[in-house]
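[1] The sequence and its predicted three-dimensional model are supplied below.
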Amino acid sequence: MTDVTTAMDDAYEAQFGDYFALLKPRVMTLVVFTALVGMLVAPVLPHPFVTLSAILFIAVGGGASGALNMWWDADIDAVMKRTRKRPIPSGRVTGQEALAIGLALSGFSVAMLGLATNWAAAALLAFTIFFYVVVYSMWLKRSTPQNIVIGGAAGAFPPMIGWVAATGSVSLESVLMFSLIFLWTPPHFWALALFMRSDYDDAGVPMLTVTHGRPATRRHIFAYTAVLAAFAVWLGFTAAGGPVYLVTAVALNAWFLKGAWEILRRDEGMAEADNYRAEKAFFRFSLLYLFVHFGALLADAVLRTYGVFA
(Lines give C-alpha, C1' and ligand atoms only; values in the text may rest on other atoms or scores of the structure.)
Protein backbone atom coordinates (compact mmCIF):
# COMPACT_ATOMS: atom_id res chain seq x y z
CA MET A 1 0.00 0.00 0.00
CA THR A 2 1.07 3.60 -0.50
CA ASP A 3 1.66 6.25 2.10
CA VAL A 4 -1.93 7.41 1.66
CA THR A 5 -2.82 5.19 4.62
CA THR A 6 -0.84 7.49 6.88
CA ALA A 7 -1.32 10.83 5.15
CA MET A 8 -3.21 13.39 7.18
CA ASP A 9 -3.50 17.13 7.30
CA ASP A 10 -1.89 18.18 10.60
CA ALA A 11 -4.25 21.13 10.84
CA TYR A 12 -7.31 18.90 10.90
CA GLU A 13 -8.54 17.28 14.09
CA ALA A 14 -10.69 14.21 13.49
CA GLN A 15 -14.28 14.43 14.66
CA PHE A 16 -16.58 11.68 15.93
CA GLY A 17 -18.30 11.57 12.54
CA ASP A 18 -15.00 10.81 10.83
CA TYR A 19 -14.40 7.77 13.02
CA PHE A 20 -18.01 6.67 12.65
CA ALA A 21 -17.67 6.84 8.85
CA LEU A 22 -14.91 4.21 9.13
CA LEU A 23 -17.60 1.73 10.19
CA LYS A 24 -19.44 2.06 6.87
CA PRO A 25 -22.80 2.99 8.45
CA ARG A 26 -24.78 2.43 5.23
CA VAL A 27 -23.54 -1.14 4.99
CA MET A 28 -24.09 -1.55 8.72
CA THR A 29 -27.78 -0.75 8.22
CA LEU A 30 -28.21 -3.81 6.04
CA VAL A 31 -26.13 -5.92 8.45
CA VAL A 32 -28.29 -4.90 11.40
CA PHE A 33 -31.58 -5.39 9.59
CA THR A 34 -30.83 -8.81 8.12
CA ALA A 35 -29.32 -10.05 11.40
CA LEU A 36 -32.40 -8.86 13.29
CA VAL A 37 -34.71 -10.63 10.86
CA GLY A 38 -32.58 -13.76 11.16
CA MET A 39 -33.20 -13.73 14.92
CA LEU A 40 -36.89 -12.85 14.78
CA VAL A 41 -37.89 -15.49 12.22
CA ALA A 42 -36.09 -18.25 14.16
CA PRO A 43 -38.28 -20.79 15.99
CA VAL A 44 -36.76 -19.73 19.33
CA LEU A 45 -37.21 -16.08 20.23
CA PRO A 46 -34.66 -14.82 22.79
CA HIS A 47 -35.46 -12.31 25.49
CA PRO A 48 -35.77 -8.77 24.01
CA PHE A 49 -32.68 -7.62 25.92
CA VAL A 50 -30.65 -10.51 24.52
CA THR A 51 -31.93 -9.73 21.04
CA LEU A 52 -31.00 -6.05 21.26
CA SER A 53 -27.59 -6.89 22.72
CA ALA A 54 -26.89 -9.41 19.97
CA ILE A 55 -27.84 -6.97 17.23
CA LEU A 56 -25.64 -4.28 18.78
CA PHE A 57 -22.61 -6.56 18.89
CA ILE A 58 -23.21 -7.87 15.37
CA ALA A 59 -23.41 -4.26 14.19
CA VAL A 60 -20.14 -3.44 15.96
CA GLY A 61 -18.53 -6.47 14.32
CA GLY A 62 -19.76 -5.30 10.92
CA GLY A 63 -18.38 -1.84 11.61
CA ALA A 64 -15.03 -3.32 12.65
CA SER A 65 -14.85 -5.11 9.30
CA GLY A 66 -15.51 -1.81 7.53
CA ALA A 67 -12.73 -0.03 9.42
CA LEU A 68 -10.21 -2.77 8.66
CA ASN A 69 -11.27 -2.81 5.01
CA MET A 70 -10.75 0.97 4.77
CA TRP A 71 -7.33 0.62 6.38
CA TRP A 72 -6.22 -1.98 3.85
CA ASP A 73 -7.87 -0.42 0.78
CA ALA A 74 -6.86 3.20 1.44
CA ASP A 75 -4.55 3.25 -1.58
CA ILE A 76 -7.21 2.24 -4.10
CA ASP A 77 -9.89 4.26 -2.30
CA ALA A 78 -7.79 7.34 -3.04
CA VAL A 79 -7.95 6.57 -6.77
CA MET A 80 -11.64 5.72 -7.19
CA LYS A 81 -14.10 8.59 -7.52
CA ARG A 82 -16.78 7.05 -5.33
CA THR A 83 -14.38 6.31 -2.44
CA ARG A 84 -11.77 9.08 -2.47
CA LYS A 85 -13.72 11.10 0.12
CA ARG A 86 -13.57 8.32 2.70
CA PRO A 87 -11.88 9.23 6.02
CA ILE A 88 -8.38 7.85 5.29
CA PRO A 89 -7.74 8.99 1.68
CA SER A 90 -9.24 12.39 2.48
CA GLY A 91 -6.78 12.74 5.39
CA ARG A 92 -9.34 12.98 8.18
CA VAL A 93 -8.22 9.74 9.89
CA THR A 94 -4.89 7.94 9.76
CA GLY A 95 -4.44 4.35 8.68
CA GLN A 96 -3.03 3.44 12.09
CA GLU A 97 -6.13 4.81 13.81
CA ALA A 98 -8.40 2.81 11.51
CA LEU A 99 -6.41 -0.36 12.15
CA ALA A 100 -6.50 0.12 15.92
CA ILE A 101 -10.24 0.83 15.92
CA GLY A 102 -10.99 -2.14 13.68
CA LEU A 103 -8.98 -4.61 15.77
CA ALA A 104 -10.37 -3.34 19.07
CA LEU A 105 -13.98 -3.45 17.91
CA SER A 106 -13.48 -6.90 16.38
CA GLY A 107 -12.33 -8.40 19.66
CA PHE A 108 -14.98 -6.55 21.66
CA SER A 109 -17.88 -7.56 19.39
CA VAL A 110 -16.95 -11.26 19.25
CA ALA A 111 -16.40 -11.56 23.00
CA MET A 112 -19.60 -9.72 23.90
CA LEU A 113 -21.74 -11.63 21.40
CA GLY A 114 -20.46 -14.90 22.88
CA LEU A 115 -21.34 -13.74 26.39
CA ALA A 116 -24.73 -12.36 25.35
CA THR A 117 -25.89 -15.34 23.25
CA ASN A 118 -23.68 -18.35 22.55
CA TRP A 119 -20.16 -19.05 21.35
CA ALA A 120 -21.30 -20.61 18.09
CA ALA A 121 -22.71 -17.23 17.03
CA ALA A 122 -19.54 -15.49 18.26
CA ALA A 123 -17.35 -17.89 16.27
CA LEU A 124 -19.43 -17.23 13.16
CA LEU A 125 -19.07 -13.47 13.67
CA ALA A 126 -15.30 -13.86 14.07
CA PHE A 127 -15.12 -15.91 10.88
CA THR A 128 -17.18 -13.29 9.05
CA ILE A 129 -14.77 -10.51 10.04
CA PHE A 130 -11.79 -12.66 9.05
CA PHE A 131 -13.40 -13.59 5.74
CA TYR A 132 -14.18 -9.99 4.80
CA VAL A 133 -10.84 -8.53 5.80
CA VAL A 134 -8.36 -11.30 4.95
CA VAL A 135 -10.03 -13.50 2.34
CA TYR A 136 -11.86 -10.77 0.42
CA SER A 137 -10.03 -7.48 1.02
CA MET A 138 -6.45 -8.73 1.26
CA TRP A 139 -6.61 -11.63 -1.19
CA LEU A 140 -9.53 -11.87 -3.59
CA LYS A 141 -10.29 -8.22 -4.34
CA ARG A 142 -7.00 -7.53 -6.08
CA SER A 143 -6.29 -10.97 -7.55
CA THR A 144 -9.36 -12.41 -9.29
CA PRO A 145 -12.52 -11.33 -11.14
CA GLN A 146 -14.35 -13.72 -8.82
CA ASN A 147 -13.61 -11.29 -5.98
CA ILE A 148 -17.17 -10.13 -5.51
CA VAL A 149 -18.61 -13.63 -6.00
CA ILE A 150 -16.64 -15.37 -3.26
CA GLY A 151 -16.17 -12.27 -1.16
CA GLY A 152 -19.92 -11.68 -1.13
CA ALA A 153 -20.18 -14.42 1.48
CA ALA A 154 -18.97 -11.97 4.12
CA GLY A 155 -22.02 -9.78 3.68
CA ALA A 156 -24.32 -12.81 3.60
CA PHE A 157 -23.50 -14.13 7.08
CA PRO A 158 -25.45 -11.64 9.30
CA PRO A 159 -28.89 -13.34 9.08
CA MET A 160 -27.21 -16.69 9.72
CA ILE A 161 -25.41 -15.20 12.73
CA GLY A 162 -28.76 -13.89 13.99
CA TRP A 163 -30.37 -17.30 13.55
CA VAL A 164 -27.50 -19.06 15.34
CA ALA A 165 -27.60 -16.47 18.13
CA ALA A 166 -31.27 -17.37 18.67
CA THR A 167 -31.10 -21.15 18.20
CA GLY A 168 -27.48 -22.17 18.66
CA SER A 169 -27.44 -24.05 15.34
CA VAL A 170 -27.55 -23.65 11.56
CA SER A 171 -30.62 -24.75 9.57
CA LEU A 172 -31.93 -24.79 6.00
CA GLU A 173 -33.72 -21.50 6.60
CA SER A 174 -30.53 -19.76 7.70
CA VAL A 175 -28.62 -21.20 4.74
CA LEU A 176 -31.26 -19.89 2.33
CA MET A 177 -31.18 -16.44 3.91
CA PHE A 178 -27.42 -16.54 3.48
CA SER A 179 -27.88 -17.63 -0.16
CA LEU A 180 -30.29 -14.78 -0.83
CA ILE A 181 -27.60 -12.19 -0.03
CA PHE A 182 -24.73 -14.23 -1.47
CA LEU A 183 -26.38 -14.60 -4.89
CA TRP A 184 -27.65 -11.01 -4.91
CA THR A 185 -24.18 -9.52 -4.40
CA PRO A 186 -22.61 -10.25 -7.85
CA PRO A 187 -25.41 -8.83 -10.05
CA HIS A 188 -25.72 -5.85 -7.70
CA PHE A 189 -22.04 -4.92 -7.98
CA TRP A 190 -21.63 -5.96 -11.62
CA ALA A 191 -24.47 -3.64 -12.62
CA LEU A 192 -22.61 -0.82 -10.86
CA ALA A 193 -19.37 -1.84 -12.57
CA LEU A 194 -21.00 -1.60 -16.00
CA PHE A 195 -21.37 2.16 -15.69
CA MET A 196 -18.45 2.76 -13.29
CA ARG A 197 -15.81 0.67 -15.06
CA SER A 198 -13.24 3.44 -15.30
CA ASP A 199 -13.01 3.51 -11.49
CA TYR A 200 -11.96 -0.13 -11.36
CA ASP A 201 -9.62 0.32 -14.34
CA ASP A 202 -7.87 3.23 -12.63
CA ALA A 203 -7.55 1.38 -9.33
CA GLY A 204 -6.33 -1.86 -10.90
CA VAL A 205 -9.14 -3.92 -9.37
CA PRO A 206 -9.85 -6.98 -11.58
CA MET A 207 -13.62 -6.58 -11.66
CA LEU A 208 -15.35 -8.78 -14.26
CA THR A 209 -15.97 -5.78 -16.51
CA VAL A 210 -12.21 -5.16 -16.61
CA THR A 211 -10.99 -8.73 -17.11
CA HIS A 212 -13.74 -10.19 -19.31
CA GLY A 213 -15.52 -7.15 -20.73
CA ARG A 214 -19.03 -5.83 -20.53
CA PRO A 215 -20.76 -8.46 -22.76
CA ALA A 216 -19.54 -11.28 -20.49
CA THR A 217 -20.59 -9.25 -17.44
CA ARG A 218 -24.10 -8.89 -18.84
CA ARG A 219 -24.35 -12.66 -19.30
CA HIS A 220 -23.14 -13.26 -15.77
CA ILE A 221 -25.69 -10.80 -14.36
CA PHE A 222 -28.54 -12.64 -16.02
CA ALA A 223 -27.29 -16.10 -14.97
CA TYR A 224 -26.86 -15.12 -11.33
CA THR A 225 -30.21 -13.33 -11.25
CA ALA A 226 -31.96 -16.47 -12.53
CA VAL A 227 -30.37 -18.62 -9.82
CA LEU A 228 -31.08 -15.94 -7.22
CA ALA A 229 -34.76 -15.92 -8.14
CA ALA A 230 -35.03 -19.68 -7.61
CA PHE A 231 -33.42 -19.52 -4.17
CA ALA A 232 -35.49 -16.49 -3.16
CA VAL A 233 -38.75 -18.26 -3.95
CA TRP A 234 -37.54 -21.49 -2.30
CA LEU A 235 -37.11 -19.62 0.99
CA GLY A 236 -40.83 -18.83 0.89
CA PHE A 237 -41.69 -22.53 1.23
CA THR A 238 -39.69 -23.01 4.43
CA ALA A 239 -40.74 -22.39 8.02
CA ALA A 240 -39.17 -18.92 7.87
CA GLY A 241 -41.33 -17.88 4.92
CA GLY A 242 -45.03 -17.40 4.48
CA PRO A 243 -47.66 -15.99 2.13
CA VAL A 244 -46.49 -12.38 2.41
CA TYR A 245 -42.91 -13.32 1.62
CA LEU A 246 -43.85 -15.73 -1.15
CA VAL A 247 -45.97 -13.19 -3.02
CA THR A 248 -43.30 -10.54 -2.52
CA ALA A 249 -40.49 -12.82 -3.72
CA VAL A 250 -42.35 -13.88 -6.87
CA ALA A 251 -43.17 -10.28 -7.81
CA LEU A 252 -39.76 -8.81 -7.02
CA ASN A 253 -37.80 -11.54 -8.74
CA ALA A 254 -39.98 -11.37 -11.84
CA TRP A 255 -39.09 -7.68 -12.07
CA PHE A 256 -35.43 -8.36 -11.30
CA LEU A 257 -35.26 -11.01 -14.02
CA LYS A 258 -36.88 -8.62 -16.46
CA GLY A 259 -34.21 -6.03 -15.65
CA ALA A 260 -31.42 -8.58 -16.05
CA TRP A 261 -32.87 -9.65 -19.41
CA GLU A 262 -32.91 -6.06 -20.61
CA ILE A 263 -29.26 -5.68 -19.60
CA LEU A 264 -28.38 -8.95 -21.37
CA ARG A 265 -29.89 -7.78 -24.67
CA ARG A 266 -27.98 -4.50 -24.76
CA ASP A 267 -24.64 -3.73 -26.37
CA GLU A 268 -22.34 -0.87 -25.56
CA GLY A 269 -23.74 1.32 -28.29
CA MET A 270 -27.24 1.05 -26.87
CA ALA A 271 -26.03 1.56 -23.29
CA GLU A 272 -23.93 4.61 -24.08
CA ALA A 273 -26.71 6.14 -26.17
CA ASP A 274 -29.01 6.42 -23.14
CA ASN A 275 -26.26 6.78 -20.49
CA TYR A 276 -26.68 3.22 -19.14
CA ARG A 277 -30.34 3.76 -18.26
CA ALA A 278 -31.22 0.04 -17.86
CA GLU A 279 -28.07 -0.73 -15.87
CA LYS A 280 -28.66 2.17 -13.48
CA ALA A 281 -32.32 1.24 -13.02
CA PHE A 282 -31.33 -2.36 -12.23
CA PHE A 283 -28.73 -1.17 -9.73
CA ARG A 284 -31.17 1.22 -8.00
CA PHE A 285 -33.74 -1.55 -7.66
CA SER A 286 -31.10 -3.90 -6.28
CA LEU A 287 -30.58 -1.45 -3.41
CA LEU A 288 -34.16 -2.13 -2.28
CA TYR A 289 -34.22 -5.82 -3.16
CA LEU A 290 -32.85 -7.24 0.10
CA PHE A 291 -34.65 -4.81 2.40
CA VAL A 292 -38.00 -5.71 0.85
CA HIS A 293 -37.34 -9.47 0.96
CA PHE A 294 -36.26 -9.43 4.59
CA GLY A 295 -39.06 -7.02 5.45
CA ALA A 296 -41.53 -9.56 4.03
CA LEU A 297 -39.94 -12.32 6.14
CA LEU A 298 -40.39 -10.11 9.19
CA ALA A 299 -44.02 -9.42 8.30
CA ASP A 300 -44.77 -13.14 8.13
CA ALA A 301 -43.03 -13.68 11.49
CA VAL A 302 -45.16 -10.97 13.11
CA LEU A 303 -48.34 -12.42 11.64
CA ARG A 304 -47.43 -15.88 12.94
CA THR A 305 -46.72 -14.43 16.38
CA TYR A 306 -50.23 -12.97 16.54
CA GLY A 307 -51.82 -16.18 15.29
CA VAL A 308 -52.81 -14.93 11.84
CA PHE A 309 -51.01 -17.90 10.27
CA ALA A 310 -50.82 -21.35 11.77
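    Arrived safely, thanks for sending. The structure presented is a predicted model; accordingly, all values stated were derived computationally and were not measured. Residues are numbered from 1 along each chain as shown.
[2] Find the centremost residue of the chain, please.
    Geometric centre of the chain, nearest residue: Gly155, 3.7 Å, by CA atoms, centre = their mean.
[3] list the contacts for it?
    Val27, Leu30, Val31, Tyr132, Ile181, Thr185 (CB atoms under 8 Å, 6 or more residues apart in numbering). For glycine as for every other residue, the C-beta is placed from the backbone atoms N, C-alpha and C.
[4] mind running it again at 6 Å?
    Contact analysis of Gly155 by CB atoms under 6 Å, 6 or more residues apart in numbering lists Ile181.
[5] which stretch of helix or strand covers it?
    Taking DSSP states H and E as the criterion, Gly155 maps to helix 153-156.
[6] Also Tyr224?
    Judged by DSSP H and E, Tyr224 forms part of helix 214-235.
[7] Now do that helix: which elements does it pack against?
    The contact analysis (3 or more CB pairs under 6 Å, 6 or more residues apart in numbering; DSSP states H and E) places helix 214-235 against helix 172-195, helix 243-265.
[8] Pick the most deeply packed of those helices.
    Mean neighbour count (mean count of other CB atoms under 10 Å) peaks for helix 172-195 among the helices and strands packed on helix 214-235, with a mean of 23.
[9] Would you map the strands across the protein?
    Using DSSP state E, the chain contains no strands.
[10] Any regions of it where pLDDT drops low?
    1-12, 197-203, 309-310 (pLDDT under 70).
[11] how does it divide up, domain by domain?
    1-168, 171-310 (automatic domain parsing).
[12] now the first one, how far from the centre of its chain.
    Put plainly, it is domain 1-168. 10 Å (CA atoms, centre = their mean, to the nearest Å).
[13] before we move on, the earlier item: export the helices and strands packed on helix 214-235 to CSV and tack on distance to Leu36?
    Formatted as CSV, the helices and strands packed on helix 214-235 follow (distance: least, CB to CB, whole Å):
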stretch, distance to Leu36
helix 172-195, 12
helix 243-265, 16
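[14] closest one to Ala232 among those helices?
    Closest approach to Ala232 among those is made by helix 243-265 (4.7 Å; CB to CB).
[15] and the longest helix along the chain, what other elements does it pack with?
    Counting residues, the longest helix in the chain under DSSP state H turns out to be helix 277-305. Applying 3+ CB pairs under 6 Å, 6+ apart, we find helix 277-305 packed against helix 25-40, helix 172-195, helix 243-265.
[16] Quick one: these as TSV, columns for distance to Arg218 too.
    Formatted as TSV, the helices and strands packed on helix 277-305 follow (distance: least, CB to CB, whole Å):
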stretch	distance to Arg218
helix 25-40	25
helix 172-195	7
helix 243-265	5
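[17] Out of those, which is closest to Val302?
    helix 25-40 (8.2 Å).
[18] Would you mind listing the buried residues in the closest one?
    Met28, Leu30, Val31, Val32, Phe33, Thr34, Ala35, Leu36, Val37, Gly38, Met39, Leu40 (16 or more other CB atoms under 10 Å).
[19] now swap in stretch 76-91 and tell me
    By 16+ other CB under 10 Å, the buried positions in stretch 76-91 come out as Ile76, Asp77, Ala78, Val79, Met80, Thr83, Arg86, Pro87, Ile88, Pro89, Ser90, Gly91.
[20] quick one: contacts for the second one?
    For Asp77, the set of contacting residues under the criterion of CB under 6 Å, 6+ apart consists of Thr83, Arg86, Pro89.
[21] do you know how far the first one is from Asn69?
    Applying CB to CB, to the nearest Å, the value for Thr83 to Asn69 is 11 Å.
[22] Common neighbours of the two, please.
    Counting by CB under 6 Å, 6+ apart, no residue touches both Thr83 and Asn69.
[23] now for the helices and strands packed on helix 214-235, which one comes closest to Leu52?
    Leu52 sits nearest to helix 172-195 of all those, at 20.1 Å, using CB to CB.
[24] which residues make contact with that closest one from outside it?
    With contact meaning CB under 6 Å, 6+ apart, helix 172-195 is reached by 38, 148-149, 152-153, 155-156, 159-160, 163, 207-209, 214, 217, 221, 224-225, 227-228, 231-232, 235, 238, 240, 276, 279, 282-283, 286.
[25] Next, the angle from that helix to helix 25-40.
    160 degrees (axes from the mean of the first three to the mean of the last three CA atoms, to 10 degrees).
[26] Next, the angle from helix 172-195 to helix 243-265.
    Going by the same axes, to 10 degrees, helix 172-195 makes 30 degrees with helix 243-265.
[27] from the middle of its chain, how far away would helix 172-195 be?
    Centroid displacement of helix 172-195 relative to its chain, using CA atoms, centre = their mean, is 8 Å.
[28] and what of stretch 161-178?
    Chain-centre distance of stretch 161-178: 17 Å, with CA atoms, centre = their mean.
[29] Between the two ends of it, how far is it?
    Taking CA to CA, to the nearest Å, stretch 161-178 runs 10 Å from one end to the other.
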